[in-house]
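**Q** got a predicted model here, sequence first, then my questions.
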Amino acid sequence: MNDEYDEFGNLIEAGSSSESASTSLNEQSDDDMDQNDQQEQAVVLHEDKQYYPDSREVFGANVQVLHKTEDTRNIDEPIVNPKVHNNFNLEESQLPETYYSKKFLIDNLPFSEWSRTIAVVGDFRSGKTSVIDSLVYQTHDLPLFIGKRQDEQLRYTDIHQYERDRGLTINANPIILLLPNSKGKSHLVNFIDTPGHPDFYDQTTCAMELCDGIMLVIDVITGLQPSTYPIIRLAARRNLPVVLVMNKLDRLITELRIPPSDAYEKLKYLVDSVNEIIQSFYTNAPILSPQAGNVVFASAKYHWSFSLNQYASSYPIEVDTEFLSERLWGDISYDPQAKKFVPFNGVLPRTFTRFVLEPVYKLFIAVISETPSRLQTVLESLNIIIPPAQLKLDAKPLLKIVCSEYFGESTGLVDALADSVAPLSKVIKERTERLFQGPAKSKLTESIIHLNSQGPLVVHVTRVCLDNTSIFLALGRVFSGEVTRGMKVRLISEDMTELDLEDTVDYSVEELFLPGSRYKIPLDRAGPGCLVLLGGSFVSTINKSCTIISSDWDDEIFGFKPLEFINEPLVKVSVEPVNLSELPKMIEGLRDLNKTFPSLQTRVEESGEHILLGSGELYMDCVLYSLRKIHARIDIKVSDPATRFAETVLDTSALQCYAISPNGQNKLTMIAEPLEPVIVNDIENHVIDSSWTSKALAKHFQEQYGWDILAARSIWAFGPGTCGPNLLQDDTLEIDGVNKKLLETCREYIQQGFQWATLEGPLVEEPMRNVRFKLTNAEISDNALSRNGGQIIPTSRRVAYISFLMATPALLEPIYSGHINGPEDMELPLRKIINKRRGMIIHKRPIPGTQLYYFNVHIPVIDSFGFEIDVRIATQGQASVLLVFEKWDIVPGDPLDKNSIVGDLEVAEGTDLARDFMLKTRKRKGLSVEPNIAKYLDEEVLEAFKELGITS
């Protein structure tokens, strides 16, 4: 055994094996060390070295890793974009509580005979938004006092931040309400609150396209202002019925403090004056009268309104309500001794004064002047119970509570709207003939006329708005079929051609809502007559307005006519980003602005300037605010405001002007002369329609303007566009060797050249006005290829330019009509301000029943910037100013007079204005210094003109 173990007690075999193992391990370790030494001493290229783990080891084998050698992000763009919280709209976080269930409201949508869509229109500061507020209080569970102050208005439909900051309505905002009439029947009314400021009448136009009638709100103090006449004219053109709301009756009591008899005289005068204006615009409009039920008296500030029928029904005596309401207006008195109604004789008060105004006056006086205990006794006699704590409130909040209890709900207003405004089903045929472009017997037209819920979808969209999530929503009305969430639709834009219709793309309706101003009620489907908000990717492609149809409609496609705005874009500014690298952001912002501001025009001049054209100074201020804070969100530089001009002629062309086509085989001869102003006015007011037949057009010109039959039948076109204030007529005669058949083949090309010329005149590339072009001779090639559009169109444009420049051309500038209310002693400072701005006071008149005066002034648009501020400062804020476009007037001087020279730091005056305006406008647009007739003339004509001394 001893041989098996060594002196340490280890097995001799195990020891040898371990020794051998140890030896092998040592040898392996030595080999590894040698190998490591070799690796460390080996030469490794730089690109083969690995400092970090492989991407597969870090992210996994299923993750694709891209290696970029160049940064494609902008240096100003963060790697992780922060969440943007928009607060430019005041929106409810959840649906507010209403006194009716939302399900009941949605269930009433299919009953179009109980539904009305109403545009709330009226003067600036007449209380349109406040009238809607009183109805919101009636239908919504809202606290009576909202805001930092108790007397602060709710302004529920003024949802945009700049609307609330400025205290005026800027956008047309819809809200749907379920209101009871006097019989307890619920009516679904879509109110669209429209701006009263003339700069934003484009929003009013969008609203009226969708409405069944208008609710005209006037302030009983100032009455109906002339600045609102264009709105009434627009409503008359669409034959929309009118309901008159005489608002702010409380001012007769608390401010004017006139006796009830005088208050009646003022109200009677206002009703008569409104009727006079409406009858001048409408053809067969019903007379507005409280007895007819289409006049409502209101005080939106204190949340009450009533009609005569509603007021008569509140009397606790047993009498026929209709019988009594018919005798509460007019020269009728009540004889208490004879106990009967008698004609007014000056001794007994009128019934309206005695039974309506005097109780209201007494109620106001009691609330304002009586002690709480005495007031409680008075109110209890009227069956009005007010908690004692509320009787101690200030007069204004207490009046709201007492008047709400005394007058009750606005059932009289609902009755007036339901009785005076016909449901859509009764007027849809007339509306379709006026607004829809399809033939009367097309399937789409017939489906719209019958409001067919099973037919193809047809939605008329007139406005695009933006919510706090930066998503565009389209406001439209369904006229046929049913729109459902998720359905496929196609867009028919207002400027689409037949070729474009073949390439329309299908979109999906991702969102569908009922508009509630500060909130939106989700819908699954909506049928004919419904006013809806549509959401989806297609909304961002809408420009101004469009027609939406179902994508599966494979028959003929037609759309609604483009919107025609009553306010022209007259004020223009150029914009550019402070940081030029943000130019793409600004361009994208301009595209968005073009959607949300209907009448805004954007374009790029040849100089590269981005030009914005709007209707007024306040309009442009709101546009620029939206560009900076909402759409582009960048800093921009803005030029000084300017105005657009127009071009006209003062005389007939000095000689017959002709132009030869580029191939030398066609020749057109033309003269230009002024067009009668009465014809221009009728064209722009759509008294004359370019869609009339040649026979109908000739008859109208012959009977109305005394044209001979030959000239009347030779009218070819109006321009620019279909209702432009210029006219082209064919005065050629076959006896002069004109081939009428060949000329007819080129008629369309000549008209296109005429449209091109009238759209961009030769003086400052602005539209022409009041010009009558006569084609007196035409030599047309027999070869069809030689008389194509490429030859005739530019030739027609050149000959129009030549005849225009030979007819004493002149510049036209827009003129504002200023409507100013204020004290009589403001006339002297007003006249000083006006004289500095090339303006004049046209007339002034007192406002009946007040100490105020109305001033009407004319002032050039280019000199109107800051005018309102100057007037307010001069009158210590006592004057209100509204500027409305009135007319185009000739700028003094000759724009082509080279002897008229104005220095760089000198102010142009008098006859130097025309040339100064022309040169500065051309410079801003990047055009040549001044127009040169030689560039439009052929060489032989130019030589002839030089011999005659016409040109140098």
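**A** Received it, and whenever you're ready, just let me know what you need. Bear in mind the structure is a predicted one, so any value in this text is a computation, not a measurement.

**Q** the stretch 851-952 of the chain: helices as residue ranges?
**A** Listed in chain order, the helices of the stretch 851-952 of the chain (DSSP state H, counting those that start in this stretch) span 867-874, 913-925, 939-948.

**Q** next: the stretch 101-250 of the chain.
**A** Using DSSP H, counting those that start in this stretch, the helices found in the stretch 101-250 of the chain span residues 102-107, 128-139, 161-166, 201-208, 229-237, 250-251.

**Q** out of these, which is the most enclosed?
**A** Burial of these is given as mean neighbour count (mean count of other Cβ atoms under 10 Å); helix 201-208 ranks first at a mean of 26. C-betas here are computed from N, CA, C, even on glycine.

**Q** kindly calculate the angle that that one makes with helix 229-237.
**A** 20 degrees (axes from the mean of the first three to the mean of the last three Cα atoms, to 10 degrees).

**Q** now helix 201-208, how far from the chain's geometric center?
**A** Its chain's C-alpha centre and that of helix 201-208 lie 5 Å apart, by Cα atoms, centre = their mean, to the nearest Å.

**Q** list the helices and strands it packs on?
**A** Contact analysis of helix 201-208 by 3 or more Cβ pairs under 8 Å, 6 or more residues apart in numbering; DSSP states H and E lists strand 115-122, helix 229-237, strand 458-466 as its packing neighbours.

**Q** rerun at 10 Å
**A** On a contact count with 3 or more Cβ pairs under 10 Å, 6 or more residues apart in numbering; DSSP states H and E, helix 201-208 meets strand 115-122, strand 173-180, strand 186-193, strand 213-219, helix 229-237, strand 458-466.

**Q** so which of those is nearest Glu734?
**A** helix 229-237 (40.8 Å; Cβ to Cβ).

**Q** please save the CA atoms from the closest one in CSV.
**A** Extracted C-alpha coordinates of helix 229-237, given in CSV (Å, rounded to 0.1, in the frame of the first residue of the first chain):
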residue,chain,number,x,y,z
TYR,A,229,-77.9,97.2,-46.6
PRO,A,230,-75.5,94.9,-48.5
ILE,A,231,-76.6,92.0,-46.3
ILE,A,232,-80.3,92.7,-47.0
ARG,A,233,-79.5,92.9,-50.7
LEU,A,234,-77.8,89.5,-50.5
ALA,A,235,-80.8,88.0,-48.7
ALA,A,236,-83.1,89.4,-51.2
ARG,A,237,-81.1,87.9,-54.0
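
**Q** who's in contact with that helix?
**A** With Cβ atoms under 10 Å, 6 or more residues apart in numbering as the test, helix 229-237 has contacts from 119, 121-123, 194, 196, 198, 201, 204-205, 208-209, 211, 213-214, 216, 224, 240-242, 274, 277-283, 285, 434, 564-567, 685-686, 819, 884-885.

**Q** picking that back up, and the helices of the stretch 101-250 of the chain: which comes nearest Glu91?
**A** Closest to Glu91 of the helices of the stretch 101-250 of the chain is helix 161-166 (Cβ to Cβ; 11.2 Å).

**Q** now do that closest one: everything it contacts.
**A** For helix 161-166, contacts defined as Cβ under 10 Å, 6+ apart pick out 86-90, 129, 153, 155, 157-158, 160, 168-171, 173, 195, 197, 618, 621-622, 625-626, 629-630.

**Q** where does pLDDT dip in this protein?
**A** 1-48, 76, 81-85, 144-152, 495-503, 905, 945-952 (pLDDT under 70).

**Q** let's see that with 50 instead.
**A** Along the chain, the model assigns pLDDT under 50 to residues 14-18, 20-21, 23, 25, 146-148, 150.

**Q** in this protein, where's the longest strand?
**A** strand 809-823 (DSSP state E).

**Q** strands paired with that strand, and their directions?
**A** If you go by DSSP bridges, strand 809-823 pairs up with strand 646-649 (antiparallel), strand 852-860 (antiparallel), strand 880-890 (antiparallel).

**Q** how far out from the middle of the chain is stretch 302-311?
**A** In terms of Cα atoms, centre = their mean, the centre of stretch 302-311 is set 32 Å apart from its chain centre.

**Q** can I get it in PDB, CA atoms only?
**A** The C-alpha coordinates for stretch 302-311 follow below in PDB (Å, rounded to 0.1, in the frame of the first residue of the first chain):
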ATOM      1  CA  TYR A 302     -81.600  90.900 -19.600                       C
ATOM      2  CA  HIS A 303     -82.600  87.600 -21.300                       C
ATOM      3  CA  TRP A 304     -86.100  88.300 -22.500                       C
ATOM      4  CA  SER A 305     -88.000  88.600 -25.800                       C
ATOM      5  CA  PHE A 306     -91.600  88.500 -26.800                       C
ATOM      6  CA  SER A 307     -94.000  88.800 -29.700                       C
ATOM      7  CA  LEU A 308     -97.400  90.400 -29.400                       C
ATOM      8  CA  ASN A 309     -99.100  87.000 -29.500                       C
ATOM      9  CA  GLN A 310     -96.900  85.800 -26.600                       C
ATOM     10  CA  TYR A 311     -97.500  88.900 -24.600                       C
END
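
**Q** redo the helices and strands packed on helix 201-208 as TSV? Include distance to Gln851.
**A** Output for these, formatted as TSV (distance: least, Cβ to Cβ, whole Å):
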stretch	distance to Gln851
strand 115-122	23
strand 173-180	35
strand 186-193	31
strand 213-219	15
helix 229-237	25
strand 458-466	41
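
**Q** so which of the ones you listed gets nearest Ser305?
**A** Comparing these by Cβ to Cβ, strand 213-219 comes nearest, at 10.6 Å.
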